[in-house]
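Novice: For reference, the sequence and a predicted model appear below.
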Amino acid sequence: MRNVSTYLLISLALIAPPTAAYQDLSPLDRRLNVAVLDFSWNEKNEAAAKAALSAGANINQRSAGETLLTNAIKGQKVPAVIRFLLQNGIDRSGKDSSGLTALEIAQKYKIGKSPEGREILNLLGASASSPAPAPAKSTQTTPTAGASAAMPELVAAGVYECINQMGVATPLSFGIIDRSQYNDSNGKRGRYAYDAQTGTLTLDPGPSPARYRRISATTFRLVREDGSLGGFTCPLNTMKNPLRPPW
């Protein structure tokens, strides 16, 4: 069964259309990235991540200045994910684009206030009682509880190419044109609203809006109707023009 899973994974990597959203990653590394950073981490995600690693994915990959470990700390903050990465040999000294390690990020945003956060701190080799370094001064809006840390107040223009759990681009992709307008993948233009407090992007505000939650400076996740995060990751693709759909 393991050989079959690996074969399927490699086959999908070969037939899946390339996406410049993860242009700095190989197809296998993209699949590892999507499996690990899924907010609904479960046995299927773990199996997919193990299959990607067995097929040659690099656990110490970097994408958009982030490692899998720093992204996991800024995103899900799930002990099981951190444990999986550490058990599979990720370099815990890897730094994000601002020069912080996963431990320094965890301490900076004081995740030790929750039981899960304390477990993560212990996994990273620090006592939950260790004093956190003073956060650097910033002009960004402080996020509310549950939001991604220190998100920009504006959404960068470009195409946010939404990818499913297999790393394949979907019609959910959207293009940010300016501070108020967007295009969908069919070329329909509409208006959007962005709440920097929660990192929530709302397309076509109204009775039935499409909502996305920011999980890093250049990546969104689809928000389901019940408020939970869906299985589609939407990183910024600067190689595509938001004014020229379809993508």
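Specialist: All right, it came through fine.
Novice: Which pLDDT value belongs to residue 152?
Specialist: As predicted, residue 152 sits at a pLDDT of 67.
Novice: ditto for residue 126
Specialist: Note on residue 126: pLDDT of 66.
Novice: now do residue 14
Specialist: 36.
Novice: So what touches the longest strand anywhere in the chain?
Specialist: Using DSSP state E, we find that the single longest strand of the chain is strand 229-237. Outside strand 229-237, the residues that touch it by C-beta atoms under 8 Å, 6 or more residues apart in numbering are 19-22, 34, 37-40, 63-64, 156, 158-165, 170, 172-174, 212-213, 215, 218-224, 247. C-beta here means a position set from N, CA and C on the backbone, and glycine is covered the same way.
Novice: Buried subset of the residues you listed, written for PyMOL?
Specialist: To isolate the buried members of those in PyMOL, using 16 or more other C-beta atoms under 10 Å:
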select buried, resi 19+20+21+22+34+37+38+39+63+64+158+159+160+161+162+163+165+172+173+174+212+213+215+218+219+220+221+222+223+247
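Novice: Distance-wise, check the nearest residue in space to residue 96 that is not next to it in sequence relative to residue 39.
Specialist: Excluding the flanking residues, the one nearest residue 96 by C-beta to C-beta, 6 or more residues apart in numbering is residue 70, at 4.1 Å. Distance, residue 70 to residue 39, by C-beta to C-beta, to the nearest Å: 16 Å.
Novice: ok, and residue 89, which helix or strand is that part of?
Specialist: Under the criterion DSSP states H and E, no helix or strand holds residue 89.
Novice: Assign a three-state SS to residue 190, would you?
Specialist: Three-state assignment for residue 190 (DSSP: H, G, I helix; E, B strand; the rest coil): strand.
Novice: hmm, back to that, I'd assumed the residue nearest to residue 96 was in a helix, is it?
Specialist: Yes - per three-state DSSP, residue 70 lies within a helix segment.
Novice: hang on, it packs against residue 105?
Specialist: Yes - under the criterion of C-beta atoms under 8 Å, residue 70 makes contact with residue 105 at 5.9 Å.
Novice: count of neighbours near residue 178?
Specialist: Here the number of neighbours of residue 178 (other C-beta atoms under 10 Å) works out to 11.
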